[in-house]
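[1] Next come a sequence and a model predicted from it.
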Amino acid sequence: MRIVSNILKSLVILFTMPSVAFANKPTDGGYWLQDAATPVMEELTKLHNFVFWIIVAITLFVMVLMGWIMFRFSAKRNPTASMTTHHVGLEVAWTIVPIIILLVMVVPSMRLLYFQDALPETDMTIKVTGNTWNWEYAYPDFPNVESFISNPLEKEEAGDLYLLKTDAALVVPVDTKIKVLITSSNNLHSFAVPAFGVKMDAVPGRINETWFEVNPGKEGTYFGQCSELCGVNHYKMPIEIEVVSKDEFKSWIANDGAFTKTLTSNYTASIEAQD
């Protein structure tokens, strides 16, 4: 009964997904994806939903087919088993139909891969370096802003956002195409922010590139984590990104990368909203 109850609860959640409120951080018992904050994540969500319903249709078809087979061809209803070993029509169908399904999925998949991989003309660049165990952020376009280390806050300071909240967030402007250069100073890491649709390995001796553009109206605080097992303190490599307006970002840059009173109040309000 417990299994049936869990299945029914899952179905209720799945079929009421449009009304579910999503967050830009992990949630306990969360189903589905975080709310998309960038064009890339919007496309990822669309593809995910498209493939998900194809899987649901295939699963339901197989379940119904198996149920009908078990009912129709049980020993009681079919005491004399058929000795048929080949059926040309069925063999052609179960070869052709999967190929058609894969072709239907491959077109949007390849288009999305190109959209993710091909960097557009960007407005600014950020360099991200994975260390043991923290992230270092630099702004090559703004020499007055020194690179800084982002460490996780202790549980007493972070509260419910423990292992997500840091002592120094990466600050970026909204509605701006941003190139991200990702590398590592020692071993493998992975820079991953689900709401941005960003997940890129940080490899020693190599610089990988990706990009994101936070949609207008999506200012706020977003969280990610290192997604590569990098060592004993792997779990202490959270990623915190503070998305601010263009004017606030200009003020932050003019202040040599320090929070002004306005930025601090907005940042605090954003964190309180997360709690």
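    Structure received. The structure displayed is predicted, hence computed values, not measured ones.
[2] what about the helices in the stretch 101-250 of the chain?
    Here the stretch 101-250 of the chain has its helices, by DSSP state H, counting those that start in this stretch, at 155-158, 246-254.
[3] any idea which of these is most buried?
    The highest average neighbour count among these, using mean count of other Cβ atoms under 10 Å, belongs to helix 246-254 at a mean of 16. Every residue, glycine included, has its C-beta placed from N, CA and C.
[4] Include distance to P216 when you put the helices of the stretch 101-250 of the chain into CSV, please.
    Output for the helices of the stretch 101-250 of the chain, formatted as CSV (distance: least, Cβ to Cβ, whole Å):
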stretch, distance to P216
helix 155-158, 29
helix 246-254, 10
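[5] per-stretch mean pLDDT over those helices, give me the minimum one.
    Confidence, taken as mean pLDDT, is least for helix 155-158 of the helices of the stretch 101-250 of the chain (a mean of 87).
[6] Now do that one: distance to the chain's middle.
    Offset of helix 155-158 from its chain centre (Cα atoms, centre = their mean, to the nearest Å): 25 Å.
[7] Count the neighbours of P216 for me.
    For P216, the neighbour count with other Cβ atoms under 10 Å is 9.
[8] Ignore what I typed, I meant A57.
    Close neighbours of A57, defined as other Cβ under 10 Å, add up to 11.
[9] With the one 4 residues further on instead?
    Each residue near F61 was counted by other Cβ under 10 Å, and the total is 10.
[10] can I assume it sits in a helix?
    Yes. Counting by DSSP: H, G, I helix; E, B strand; the rest coil, F61 is found in a helix.
[11] how much space between the residue nearest to K179 when sequence neighbours are not counted and T176?
    Spatial nearest neighbour of K179, excluding adjacent residues (Cβ to Cβ, 6 or more residues apart in numbering): T122 at 4.1 Å. Using Cβ to Cβ, to the nearest Å, T122 is found at 8 Å from T176.
[12] quick one on the thing from earlier: nearest to F142, out of the helices of the stretch 101-250 of the chain?
    Set against F142 and scored by Cβ to Cβ, those come closest in helix 246-254, at 5.2 Å.
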